[in-house]
Each structure stands twice: as structure tokens, then as C-alpha cells.
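> Sequence first, predicted model second:
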Amino acid sequence: MPSVIRFELLAKLGYAARGIVFLLVAVLALFSGVTGGHPETKSAISTLLQQPLGRVWVGLIGFGLLGFVAWRLAQSIADADGQGNRGKAIVIRAALVGSAVTYLGLAVYALGHALNASDNSGGSGEKGLAEWVMSQPFGSYIAIAIGMGLIVGGIVTGAKGALRKFEKYVRIPDRSGLVSYVCMYGLIARGVVFSVTGVLFAYAGFRVDPDQAGGISDALEWLRGMPFGSALYLVMAVGLAAFGIYNLVAARYRTVKGPKLDDVKRAVSLNINR
């Protein structure tokens, strides 16, 4: 058996699938005022399902997202990016586990719909997650902690774009070209929406009311209610499209180093024996 697991294809297919999903979310956001749609990842999957060959496309996206989950687990558990085991690196790797869980849920949703052709939009999963969390002991405090984690994650994502930290792994040939600035814009917009989602989740925990939690759609509506909200909504919606483009760029230029098989076994063994 080879000593190195090849994650490059899985990772790049995963980035491409995520990029397509967020481009669809952006389209839904831009047209939601006219169509009454909800710009959520699950709604994007359901919208694609209704198109010609929709089940095929949704199935391909589902499999692509499974590849992205595998890559996220390689980044987190096996430290494929070489983050290390101290302080900030542990926080980043923990966040990557959370990302893997999130996209695993979306992949299962997509594959389930591709197989049975269900046309339910599904809406936001955040309210369902908040409801489950708050049913647990000390659930409201856990919800607040999750919300704070989302806020921090949003800030980190925005900083990744604003400070061009993504260029450490996404080697775009022309750093001064339009593509680089689109990637920066997309990451900043995603960071803002991510942080607002965290605020809503934390507020739901504070109020002990899971209905206060929300996803992308609710975050965008919250932004629309602010001064100059319509312009801000438009900027963020276009920004989500830019984030989709960033993922497609990552599918092409992202540096992917698969972890050694021995490292994976060692990481799994350490986690089991803890």
C-alpha cells in the first residue's frame, strides 16, 4: 500500500463543489427580493435539483462535498497543512473539524435529494442545530459558545482575505490581477456573513430561543435592516458570489499535500487513546 494518501483530487473537487454551491447561494440572494427564495446552501441544492439533469448535478456536488470533507479531516486530524500542535494551530484545526461536520451534513443532504428527488428546500440548518443544542444540559451556554466561535471564525476568514493570507496556499500566478482581489473580496464578505450568523446564534442562546438563530439568509436580512442596508445587502450578496469564485480558484491553484499514511494512523491512535 502506498505510504502517501492522494488527497489532491478530493480536495480540488471539494473546492469546486463548494464554489458552485456558493455561486448558487449568491444568485438566490440577488433574486430573493423578486422570487421570495431563501439564499441558503440547502436551498441552493434544492434549486439546482429542479433544473434539467438536476439529480445528476446535485449528486456530483454531493460527492464533491464528500471529497471536501475528507480534505478538511486531513487538514485537521492529520495536519496536512503543517499547522502544528500549539495555540493558534489547535484552534484552526478544531475549526476545520467543525467545517468538516458542516459540509458532511450538506453532502448527505445533496446525495439524499439526488437519490429520492425530494424537492423540499430544507432552509437553514442553524435553527435545527440551535434547537438540539438547547435541549442538552447547559444548552444555552453551549449555544452562546458556538456563536462566539462562529464570530471568531468570521473574523479569521475576513482577515484571511484582507491580509491576503490565503496566498500562502492558493498560488495565483498574477498576485496583482483581478482574480486576487475577487478572492479577497469573497473571503471578507464570507467573514462578515459568518460573524453575523454567530451573533444570531449567540443571541438565540442568550434568549434561550432557537428560533432566533439563523443562517446565511437571516444574516443577510439582518444586514439589510441596518443603515444603508440595501446597498450592504447587495455588496454582501455579490461578495458571496466572489467567495464562490475563490473556491473555484482554489480548486485550480490550491497547494494540497496529502498526509503520510503513517501520520494518519498515528493521529487516529493518539485521539483514540486520549
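It's in.
> And the host helix or strand of Ser32, how far out from the chain middle?
Per DSSP states H and E, Ser32 falls inside helix 8-35. Counting by Cα atoms, centre = their mean, to the nearest Å, helix 8-35 is centred 10 Å from the centre of its parent chain.
> Stretch 99-114 now?
For stretch 99-114, the distance to the chain centre is 11 Å (Cα atoms, centre = their mean).
> ok so, going back, C-terminal to the helix holding Ser32, what's the next element?
Next along from helix 8-35, by DSSP H and E: helix 41-49.
> Show me what that next one is packed against.
The contact analysis (3 or more Cβ pairs under 8 Å, 6 or more residues apart in numbering; DSSP states H and E) places helix 41-49 against helix 8-35, helix 54-76, helix 87-116. Glycine gets a C-beta too; all of them are placed from N, C-alpha and C.
> let's see it at 10 Å
Helix 41-49 sits against helix 8-35, helix 54-76, helix 87-116, helix 216-224, with contacts defined as 3 or more Cβ pairs under 10 Å, 6 or more residues apart in numbering; DSSP states H and E.
> TSV for the ones you listed, including mean neighbour count and mean pLDDT?
TSV is the format used below for the helices and strands packed on helix 41-49 (neighbours: other Cβ atoms under 10 Å; pLDDT from 0 to 100):
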stretch	mean neighbour count	mean pLDDT
helix 8-35	20	85
helix 54-76	21	89
helix 87-116	17	84
helix 216-224	22	84
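> Can you say which of the ones you listed is nearest to Ala251?
helix 8-35 (4.0 Å; Cβ to Cβ).
> Phi and psi next, for Arg254.
phi -70, psi 130 (degrees, to the nearest 10).
> Now do the closest residue in space to it that isn't next to it in sequence, the pLDDT please.
Spatial nearest neighbour of Arg254, excluding adjacent residues (Cβ to Cβ, 6 or more residues apart in numbering): Val170 at 5.2 Å. The score at Val170 is 92. That number is its pLDDT.
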